[in-house]
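Chemist: Please find the sequence and the predicted model below.
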Amino acid sequence: MEIDVLTLFPRIFEGPLDESILKRAQKSGLVAVRVHNLRDFTHDKHRVVDDKPYGGGPGMLMKPEPIFEAVETIRRDESCVVLMTPQGAPLTQTRAQEFSRKPHLVIICGHYEGVDERVREALVDEEVSIGDYVLTNGALAARCLSTRWCGCCRAFSVTNRVQMMIRSRAGCSKGRSIHGRRSTRDAGAGNFAERQP
């Protein structure tokens, strides 16, 4: 299971990738998450990634050329290209489970006033929003999608539950719960489970 994230702000992912569920999934080898700086796919001196809207209009958009080059470099036959945008379909638990069945996600993180319309028309398979509010950029939304995708991946989910059961039973065998308190050892006290945040 793999995710490739295309963003102008790769450092936003440094903390989340090294913590909690994403860290465990990558360490186990069940999930691979790669973050790419879209400026690396530019070819001008100043690494420009924004431009005026195609056909006119207010504000600035992300240029299509770096996005096209990045996606065409990374995408495979089984890839699903996702654009994080406020206009997208809401990210629900059901949608997250559907994404978790896809072996490879390529996530495009929008910025400025969004992406050039040609990106939507030619590259994007799915458009996703994490809520009806404004964020500074799509990388924050992509973090949410990545974490939920990972949590719903069947292979990691099963492995994670088995590991939690092993830790839980090890704690019970010493007469203590997973939280460090004495177990009651009454009927039904043998079923301890660590809850995920």
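Modeler: Right, received. Where do you want to start? Numbering: from 1, shown residues only.

Chemist: which parts of the strand ranked longest in the chain are buried?
Modeler: In the chain, taking DSSP state E as the definition, the longest strand is strand 79-90. Buried positions in strand 79-90, judged by neighbour count with 16 or more other Cβ atoms under 10 Å: 79, 80, 81, 82, 83, 84, 85, 86, 88. From N, CA and C alone the C-beta is placed, and that goes for glycine too.

Chemist: Mind listing the strands that strand pairs with, and their directions?
Modeler: strand 104-109 (parallel), strand 126-129 (parallel) (DSSP bridges).

Chemist: out of the buried residues of strand 79-90, what pair is the most spread apart?
Modeler: By the measure Cβ to Cβ, 79 and 86 form the most distant pair in these, at 23.4 Å.

Chemist: In this structure, mark out all the strands, start to finish.
Modeler: Here the chain has its strands, by DSSP E, at 2-7, 32-37, 50-51, 61-62, 79-90, 104-109, 126-129.

Chemist: how about those strands, which one is nearest residue 137?
Modeler: Between residue 137 and the strands of the chain, the shortest gap by Cβ to Cβ is with strand 104-109, which sits at 6.2 Å.

Chemist: sorry, back to before: give me whichever of the strands paired with strand 79-90 is most buried.
Modeler: Compared across the strands paired with strand 79-90, strand 104-109 shows the largest average neighbour count, a mean of 24 (mean count of other Cβ atoms under 10 Å).

Chemist: Can you list the neighbours in contact with that one?
Modeler: Strand 104-109 has contacts (Cβ atoms under 8 Å, 6 or more residues apart in numbering) with 1-9, 67, 71, 74-76, 78-84, 99, 115, 119, 123-124, 137-139, 141-142, 145-146, 149.

Chemist: Any chance of a PyMOL selection covering the buried ones in those residues?
Modeler: In PyMOL syntax, the buried subset of the contacts of strand 104-109 is picked out as below (16+ other Cβ under 10 Å):
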select buried, resi 1+2+3+4+5+6+7+8+9+67+71+74+75+79+80+81+82+83+84+99+115+119+123+124+137+138+139+141+142+145+146+149
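
Chemist: distance of residue 35 from residue 111?
Modeler: 15 Å (Cβ to Cβ, to the nearest Å).

Chemist: check contacts around residue 79.
Modeler: Taking Cβ under 8 Å, 6+ apart as the test, what residue 79 contacts is 104, 105, 106.

Chemist: Read off the pLDDT value for it.
Modeler: pLDDT recorded at residue 79 is 95.

Chemist: likewise residue 92?
Modeler: 87.

Chemist: Quick check: phi and psi on it?
Modeler: Main-chain dihedrals, residue 92, degrees, to the nearest 10: phi -100, psi 170.

Chemist: ok, the residue lying closest to residue 134 once chain neighbours are set aside - contacts?
Modeler: Nearest non-adjacent residue to residue 134, counting by Cβ to Cβ, 6 or more residues apart in numbering: residue 86, 6.9 Å away. By Cβ under 8 Å, 6+ apart, residue 86 lies in contact with 129, 132, 133, 134.

Chemist: Now do the helices in this protein.
Modeler: All helices of the chain, identified by DSSP state H, fall at 14-17, 20-27, 64-74, 93-100, 117-122, 138-152, 154-173.
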